[in-house]
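Student: Build me a model from this:
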Amino acid sequence: MFILCGTIGAVIISIIEMIAFCRNRKALNYLHTVIKNIFLINLISLAILKYVFKYAHFINTDKYQTESFVKFFFLSLIVGAALLLIHAFVNRYLTFEEETASKKPGAIFMKVLSAVFCILGCAAFFGSIYAKGSYGDVAPDELFITLFSPTAGTDPGVYTEIIEGPVFQTMLVSAIIFIFIFSNFKITYHTMDNVEKTVFNDLWHRITSLVLSFAMLAGGIAYGVTRLELVKVFRAYAMHSDIIEENYVNPKTAEIIFPERKRNLIHIYLESMENSYLSKDLGGYMEQNLMPELTKLSYEGITFSNNDTKFGEPLEAPGTTWSVASMVNMTTGLPMKVPTKPNAYGSKDNFLPGAYTMGDILKAQGYNQTVMFGADANFGGLSYYYQSHGDYKIMDYNYAKRNGLIPQDYKVWWGYEDDKLYEYAKNELTRLSETGKPFNLTMETADTHRPGGYLSKNAPTPYSDHYANAIAYSTSETVKFVRWIQKQPFYENTTIVLIGDHLSMDTDFFKNFDSDYLRIQYNLILNPAPDVANVNKKISC
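Tutor: Numbers count the residues shown, from 1 in each chain. Have a look, this model is predicted:
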């Protein structure tokens with residue numbers, strides 16, 4: 001059936017060729033033209049079908065629908081038209097000739113506008129591919145919030161990826177198209193009677209350039225809107241929801257009663273930590289459990305689950321699916337909403353100024369509070385968040401340099417590695433415990449961040465996959481840190497919360513996962529207050 005559709009297309013192309021470019025009007029030449037086109041057009045079209053569009057068969061076509069054959073017919077027409085143009089230029093039925101381009105402002109403006117449309121279209125297309133390919137099912141609101149928030153402290157590898165990826169691709173394709181847009185030529189048709197007719201002049205050149213570049217822009221935007229689900233962003237602005245008004249309890253006005261002896265809190269955000277790293281018998285997706293130490297630790301505490309197994313999790317909600325949003329959600333009960341103006345989350349006293357957070361609550365109760373990052377806390381505006389909501393002591397990459405913990409020129413991964421983070425956290429916990437006041441230490445790991453994670457020089461490599469080794473080592477070091485805490489005198493009155501901040505965005509590691517498999521974040525609470533109402537080992541929700 002494919003060959004029949006291709007043959008029909010080839011016959012149509014042959015008729016056009018015989019009318020326009022056949023100077024020797026004999027039946028034998030006509031027959032030669034038809035046979036040549038049927039063979040070449042079908043051969044090339046079938047090759048494209050098999051190797052580009054990955055169709056399994058073109059002889060056994062029982063499983064294909066009518067739509068597939070229609071598409072192949074149009075493909076054969078496109079292939080035939082390309083071959084026809086090549087034939088026409090090679091045999092000089094059509095010729096390129098130099099033409100003086102118009103210097104009028106309107107003509108120049110059309111070319112410049114075409115170039116701008118081209119660049120924007122390419123940027124939208126390749127940028128969307130990069131965002132989806134590098135970050136997987138990234139939330140569209142995350143993209144916009146990141147654009148409108150401070151990017152200081154970003155891992156340099158991210159910039160390298162962007163420059164070598166969508167920026168370079170945009171420049172390359174745009175440069176090739178610019179050759180067409182800014183060239184000066186006309187196309188002349190030489191008739192059977194050797195009469196020359198201009199069929200493509202400077203005006204048509206400019207019109208064609210503008211139409212094609214506008215089509216590229218429209219196509220790039222449409223692709224991005226679909227690929228990145230940007231309709232959701234529009235709905236975030238255009239659609240009103242009462243969910244917060246109807247369900248949110250304002251902690252500023254709610255009655256919160258603290259005991260006379262206040263408990264300490266250690267809140268550890270584990271970068272991209274999810275339960276899919278477990279072995280399949282535990283509900284994960286791995287043949288071998290990548291985090292056995294963390295698994296063992298989990299049976300000593302409380303986990304929240306969306307199912308009847310030990311390792312479940314409350315499902316991710318919109319506005320909580322990346323690091324900054326996860327921290328905001330965990331400490332406010334609110335989602336990160338798309339900003340309505342630049343720097344909406346990136347200036348002093350302007351990071352959710354109306355929210356009353358866990359940091360605010362604990363500050364009012366006299367807690368000493370510290371937040372620790374191996375990265376620059378200015379990334380995403382987190383420094384503003386923790387300063388304005390709880391007056392935390394911020395120990396980040398910049399703090400480590402200022403206080404001589406690392407050399408001024410030290411830079412590993414996003415700042416400094418988790419091995420150092422845990423050592424610095426031990427010292428800070430010791431200091432906090434000696435102040436005589438209740439304390440809250442919050443910290444976030446980074447070694448399991450995409451792409452591929454950072455593998456410490458101290459890490460063993462039992463797995464062939466780099467990211468798997470990074471996960472295994474990171475989780476084992478987390479457990480070592482927790483075991484150290486459990487040996488300290490302050491642990492008896494301290495609760496530890498371990499939470500995967502969000503699902504991993506490392507698309508390569510998950511490319512072969514079953515699409516029906518539900519990936520969920522890791523969570524664990526250790527040593528809750530002894531008078532907590534529900535002390536079961538698993539709390540369904």
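
Student: Strands of the stretch 1-150 of the chain, residue ranges please.
Tutor: Along the stretch 1-150 of the chain, the segments classed as strands by DSSP state E, counting those that start in this stretch run 94-98.

Student: List the residue ranges of it that fall below the pLDDT cut-off.
Tutor: Low-confidence segments of the stretch 1-150 of the chain (pLDDT under 70): 23-25, 132-150.

Student: Equivalent analysis for the stretch 151-300 of the chain, please.
Tutor: Within the stretch 151-300 of the chain, the stretches with pLDDT under 70 are 151-159, 229, 232-238.

Student: one more time with 90, if that's ok
Tutor: Scanning the stretch 151-300 of the chain for pLDDT under 90 picks out 151-166, 184-185, 189-200, 202, 220, 223-250, 252-257, 259-260, 281-284.

Student: Tell me where it has helices.
Tutor: Using DSSP state H, counting those that start in this stretch, the helices found in the stretch 151-300 of the chain span residues 156-162, 168-181, 202-227, 231-238, 243-247, 292-298.

Student: Now mean neighbour count and distance to Tyr410 too, for those helices, in JSON lines please.
Tutor: Bear in mind the C-beta positions are built from the backbone N, C-alpha and C, glycine included. Shown next, in JSON lines, are the helices of the stretch 151-300 of the chain (neighbours: other C-beta atoms under 10 Å; distance: least, C-beta to C-beta, whole Å):
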{"stretch": "helix 156-162", "mean neighbour count": "13", "distance to Tyr410": "13"}
{"stretch": "helix 168-181", "mean neighbour count": "15", "distance to Tyr410": "29"}
{"stretch": "helix 202-227", "mean neighbour count": "17", "distance to Tyr410": "38"}
{"stretch": "helix 231-238", "mean neighbour count": "13", "distance to Tyr410": "38"}
{"stretch": "helix 243-247", "mean neighbour count": "8", "distance to Tyr410": "43"}
{"stretch": "helix 292-298", "mean neighbour count": "19", "distance to Tyr410": "28"}
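
Student: how close does Gly404 get to Met286?
Tutor: Distance, Gly404 to Met286, by C-beta to C-beta, to the nearest Å: 41 Å.

Student: Just want to know which of those two has more residues nearby.
Tutor: More neighbours surround Met286 than the other of Gly404 and Met286, with 16 against 8 (other C-beta atoms under 10 Å).

Student: for the more buried one, what are its contacts?
Tutor: 276-280, 468 (C-beta atoms under 8 Å, 6 or more residues apart in numbering).

Student: thinking again about what came up before, closest one to Ala107 among the helices of the stretch 151-300 of the chain?
Tutor: Of all the helices of the stretch 151-300 of the chain, helix 202-227 sits nearest to Ala107, with 6.1 Å by C-beta to C-beta.

Student: What is the closest one packed up against?
Tutor: Judged by 3 or more C-beta pairs under 8 Å, 6 or more residues apart in numbering; DSSP states H and E, helix 202-227 is in contact with helix 105-135, helix 168-181, strand 185-190.

Student: 6 Å instead, please
Tutor: Judged by 3 or more C-beta pairs under 6 Å, 6 or more residues apart in numbering; DSSP states H and E, the packing partners of helix 202-227 are helix 105-135.

Student: could you redo the helices of the stretch 151-300 of the chain as JSON lines and give each row distance to Val79?
Tutor: Below are the helices of the stretch 151-300 of the chain laid out as JSON lines (distance: least, C-beta to C-beta, whole Å):
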{"stretch": "helix 156-162", "distance to Val79": "36"}
{"stretch": "helix 168-181", "distance to Val79": "21"}
{"stretch": "helix 202-227", "distance to Val79": "20"}
{"stretch": "helix 231-238", "distance to Val79": "35"}
{"stretch": "helix 243-247", "distance to Val79": "53"}
{"stretch": "helix 292-298", "distance to Val79": "56"}
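
Student: Just the buried ones from the contacts of Met286?
Tutor: 276-279, 468 (16 or more other C-beta atoms under 10 Å).

Student: Among the contacts of Met286, which one sits closest to Lys63?
Tutor: Relative to Lys63, the closest of these is Lys280; by C-beta to C-beta it sits at 32.5 Å.

Student: Could you measure from that closest one over to Leu518?
Tutor: 13 Å.

Student: same question, His205
Tutor: 54 Å.

Student: Quick check on Ile520: phi, psi?
Tutor: phi -140, psi 150 (degrees, to the nearest 10).

Student: ok, it touching Asn275?
Tutor: Yes: here Ile520 lies in contact with Asn275, judged by C-beta atoms under 6 Å, at a distance of 5.2 Å.

Student: Looking at those two, which is more packed in?
Tutor: Using other C-beta under 10 Å as the criterion, Ile520 and Asn275 rank with Asn275 on top: 27 against 22.

Student: what's near enough to touch that one?
Tutor: Applying C-beta atoms under 6 Å, 6 or more residues apart in numbering, we find Asn275 in contact with 284, 311, 520, 522.

Student: And Ala254, by the same measure?
Tutor: The contact partners of Ala254, by C-beta under 6 Å, 6+ apart, come to none.

Student: swap the cut-off to 10 Å and go again
Tutor: Listed by C-beta atoms under 10 Å, 6 or more residues apart in numbering, the contact partners of Ala254 are 356, 361.

Student: Check Pro259 too.
Tutor: 529, 531.

Student: ok, now how distant is it from Ala215?
Tutor: 67 Å.

Student: what does Asn37 give?
Tutor: 28 Å.

Student: Please apply the same query to Thr198.
Tutor: To Ala215, Thr198 is 25 Å away according to C-beta to C-beta.

Student: Over to Val482?
Tutor: Applying C-beta to C-beta, the value for Val482 to Ala215 is 57 Å.

Student: With Leu228 instead?
Tutor: 20 Å.

Student: could you check the distance from Pro105 over to Lys111?
Tutor: For Pro105, the distance to Lys111 - C-beta to C-beta - is 11 Å.

Student: That concludes my questions; thank you for your assistance.
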